[in-house]
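coords please:
(one chain, ligands or ions: 1)
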Amino acid sequence: MPDGFDVVIVGSGVGGGCLAHALAPTGARIAILERGSRLPREERNWDPEAVYADAVYKSDERWFDGSGRSFRPGQFYYVGGHTKVFGATMFRFRREDFCATEHAGGLSPAWPIDYETLEPYYAQAERLFGVHGEAGADPTEPPRSGPYPHPPLRHNPLVAEIAERLRAQGLRPFPMPSSVQDHDGGACVRCNTCDGFPCRLGAKGDAETRLIDPVLRHENVELRTGAQVVRLSADAAGRRIVAAETLDGTAVQGDLFVLAAGAVNSAAILLRSVHAKHRDGLANASGTVGRHYMNHNCTAVMAIRPFRANRETFQKTLAVNDFYLGDGEGGPPLGNLQLLGKIMEPMLRNEIRAVPRWARAWLAARSVDWYAMSEDLPHPESRVRVRDDGTIVLDWRRTNLAAHKTLVDKARRMLRAAGFPIVLSKAFSKETPSHQCGTVRFGHDPADAPLDPFCKAFDLDNLYVVDASFFPSSAAVNPALTVAAQALRAGERIAATGLH
Ligand SMILES: Cc1cc2nc3c(=O)[nH]c(=O)nc-3n(C[C@H](O)[C@H](O)[C@H](O)COP(=O)(O)OP(=O)(O)OC[C@H]3O[C@@H](n4cnc5c(N)ncnc54)[C@H](O)[C@@H]3O)c2cc1C
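Have a look, this model is predicted:
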């Protein structure tokens, strides 16, 4: 296909994939520009030494933090984006997440749309990703227009026993919604290398298998890998984007442009796109591009029974939301607890180096592993910037940490009461931007947000941003399904209103 596309989408992850899915049937000539390559299906996909200790799939890119220290961020640049290694947990945000909510650490702002507006697109996204779940089991679940596409994932015997023990404490654990394809005809073999690993069998509902591969069956859609977009260029009036410029100097031209490069990279692309009429970067009249960066406060919690090895596989099937909307004692929201993929010794090596290898192996052989997640609140000084040479600076100011500490304390008590006398915890580092969001937020007021409620840039006639950048708040459940739902909504709107 020659250059001069109707639509140029930057990024082939959740947002870019859903947008392409929505527009492909229109016949529009679509280019998807992806900086990464296909992630090969190979033996080491499931090797914790390769994936964690040697970090073979992690990008070699270096960013700087707010104090000028260089680090190698937990970024994975592949067709399918971060979903190639994601845990496949597919939560809808709660109805309350769309409303202003007071947290221990401050205010979580209202979204410009309510849950009901997004509900049909959540349902569509669940079908696209093939989500398993049980409607009505999660006490904080928002209303649904129908059941999950697939029944809930089966718990292994140990997880089923833990669920019973949590119920005995008066809690309401429930099967976690997941896009792992563990159903008749699905390729899942219920292994332990799912969360944080690529799937060798393609059995994880990720953006490559569920979105990009199907849209490429349309002749009007082209995927260009190795196409790292550095900046966008606009016409002299500064109203229309005319090209996406890649690292190798190519200018890919089009009528409509969609940024879906992830919340850090999309902000960086806009900030690098300085123009005579947009000195602070494109779509940035509000001065908020790159600001309000959020990334959940997350802690790994290992619950250990010293005299019982955990020989079960496939444990990421249970979650607890009893502390999501409040602490259970009349206090503010704390967050979500969910099982993690099984922690193995090589995964601990770079985290607790001081602990001898035999001790790490002993812990990992006995642990059931949890993930505690609390809301991070938007702060204008928590931000993405770019240096003069274009390198990314990620200055994350964490918020709401007291709530997160209380959540981890609750988890500790809950797990001890469930029969695990040793409970260890380790916060995820600042170098792991897994749930990055908020840097190009949507809103009603152009003075306060770069995007309108459909994720179109207020300042430009032909630019949308549909990755997790648009979140005005981070909520405290996993983000991918919400990115998908809003990208489908934006895509439907673009298809209905024309591509120009
Ligand atoms: C280890 C891990 C586990 C996770 N587990 C879960 C989970 O269980 N559930 C959940 O909901 N979320 C999970 N997430 C988060 C989830 O993957 C992201 O929220 C989601 O992928 C965000 O979608 P996106 O479209 O914003 O970005 P992405 O899906 O990451 O897509 C961005 C795309 O843009 C490409 N790109 C970046 N820069 C450029 C550029 N300059 N030019 C061209 N292309 C570019 C990237 O390579 C990528 O393909 C996890 C993330 C990680 C890292």
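
Apart from its chain neighbours, what residue comes closest to whichever residue of the stretch 1-150 of the chain sits closest to the ligand?
Using Cβ to the nearest ligand atom, the closest approach of the stretch 1-150 of the chain to the ligand is made by Gly13 at 1.9 Å. Using the backbone N, CA and C atoms, a C-beta is placed for each residue, glycine as well. Distances taken as Cβ to Cβ, 6 or more residues apart in numbering place Gly81 nearest to Gly13, at 2.1 Å, with adjacent residues excluded.

Make sure the one you found is actually in contact with Val10.
No: at 11.3 Å, Gly81 does not count as touching Val10 under the criterion of Cβ atoms under 8 Å.

Pull up the overlap in contacts between the two.
Shared contacts of Gly81 and Val10, defined by Cβ atoms under 8 Å, 6 or more residues apart in numbering, comprise Gly16.

Which of the helices or strands spans Asp213?
helix 213-215 (DSSP states H and E).

Are the helix or strand just after that helix and the ligand in contact anywhere?
Using DSSP H and E, the helix or strand that follows helix 213-215 in sequence is strand 221-224. No: Strand 221-224 stays clear of the ligand (Cβ under 6 Å from any ligand atom), getting no nearer than 9.1 Å.

Counting by contacts, list what strand 221-224 packs against.
strand 30-33 (3 or more Cβ pairs under 8 Å, 6 or more residues apart in numbering; DSSP states H and E).

What average pLDDT does the following helix or strand past the strand it packs on get?
With elements assigned by DSSP H and E, the helix or strand that comes after strand 30-33 is helix 48. For helix 48, mean pLDDT is 96.

quick one: helix 48 to chain centroid distance?
Helix 48 has its C-alpha centroid displaced from the chain centroid by 22 Å (Cα atoms, centre = their mean, to the nearest Å).

the strands in the stretch 151-300 of the chain, which residues?
All strands of the stretch 151-300 of the chain, identified by DSSP state E, counting those that start in this stretch, fall at 174-175, 221-224, 229-234, 241-246, 251-259, 297-304.

Report the contact partners of Asp369.
Going by Cβ under 8 Å, 6+ apart, Asp369 touches 300-303, 315, 339-343.

The residue nearest to Gly13: neighbouring residues, count only.
31 (other Cβ atoms under 10 Å).

Trp362 now?
Residues near Trp362, counting by other Cβ under 10 Å: 16.

Could you check the angle the one helix or strand it maps to makes with strand 297-304?
Using DSSP H and E, Trp362 falls within helix 357-366. Angle between the axes of helix 357-366 and strand 297-304 is 90 degrees (criterion: axes from the mean of the first three to the mean of the last three Cα atoms, to 10 degrees).

Which element is encountered next along the chain beyond helix 357-366?
Helix 357-366 is succeeded, C-terminally, by strand 367-374 (DSSP H and E).

in a helix, that's where Ala402 is, yeah?
Yes: according to DSSP: H, G, I helix; E, B strand; the rest coil, Ala402 belongs to a helix.

Just the pLDDT for the residue nearest to it when sequence neighbours are not counted.
Nearest non-adjacent residue to Ala402, counting by Cβ to Cβ, 6+ apart: Ala104, 5.0 Å away. The model reports Ala104 with a pLDDT of 97.
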